[in-house]
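Participant: The amino acid sequence is not available; the structure is as follows:
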């Protein structure tokens, strides 16, 4: 009885450019929209009781959106292979006044020999969450 009516629409577009046989560049853009409805007595509990007092629950509607962007490069450099990308994700939940912004950059390089493959790389990750709808209070750590 705790399921929700959910409608999700999503689309992604990718563009690939291969200027020569050693390089591929891929650009990606995506968007997802989600609507969620909870109807008391149908797909959620009809009322909430606490300390002997029961109150009817009300219809709850939530909307979410997510946008994502990415740029990727695949390279072939003789014995070396590379894959590098940068991607950004932005998610918005206006019902909770919550926004998430993530940014990731990554590069991986591989070298193949007759008996081994060596891989090395770098990664950068920045994550930001603004959640004004969080119901928990943050308490600073006690000074010692």
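Facilitator: That came in fine, so what should we check first? On a predicted model such as this, the values are computed, not experimentally measured, just so you know.
Participant: Centroid-wise, who is the farthest residue in the chain?
Facilitator: residue 52 (40.8 Å; Cα atoms, centre = their mean).
Participant: which strand residues sit across from the closest residue to residue 90 other than its chain neighbours in the sheet?
Facilitator: Nearest in space to residue 90, with sequence neighbours left out and distances taken as Cβ to Cβ, 6 or more residues apart in numbering, is residue 67 at 4.8 Å. C-beta here means a position set from N, CA and C on the backbone, and glycine is covered the same way. Beta-bridge pairing for residue 67 (DSSP bridges): residue 31, residue 90.
Participant: tell me the contacts of residue 67?
Facilitator: By Cβ atoms under 8 Å, 6 or more residues apart in numbering, the contact list for residue 67 reads 29-31, 89-90.
Participant: Please apply the same query to residue 107.
Facilitator: Taking Cβ under 8 Å, 6+ apart as the definition, contacts of residue 107 comprise 82-85, 121-123.
Participant: Which helix or which strand is home to it?
Facilitator: Remark: residue 107 resides in strand 98-112, with elements defined by DSSP states H and E.
Participant: What are the buried residues along that strand?
Facilitator: Of the residues in strand 98-112, 98, 107, 109 count as buried by neighbour count, 16 or more other Cβ atoms under 10 Å.
Participant: Show me what the residue nearest to the second one when sequence neighbours are not counted bridges to in the sheet.
Facilitator: What that stands for is residue 107. Take residue 107 and drop its neighbours on the chain: the residue closest to it by Cβ to Cβ, 6+ apart is residue 84, 4.0 Å away. Partner residues in beta bridges with residue 84, using DSSP bridges, are residue 73, residue 107.
Participant: count of neighbours near residue 84?
Facilitator: Around residue 84 sit 16 other residues, with neighbours defined as other Cβ atoms under 10 Å.
Participant: contacting residues around it?
Facilitator: Counting by Cβ under 8 Å, 6+ apart, residue 84 has contacts 72-73, 75, 105-108.
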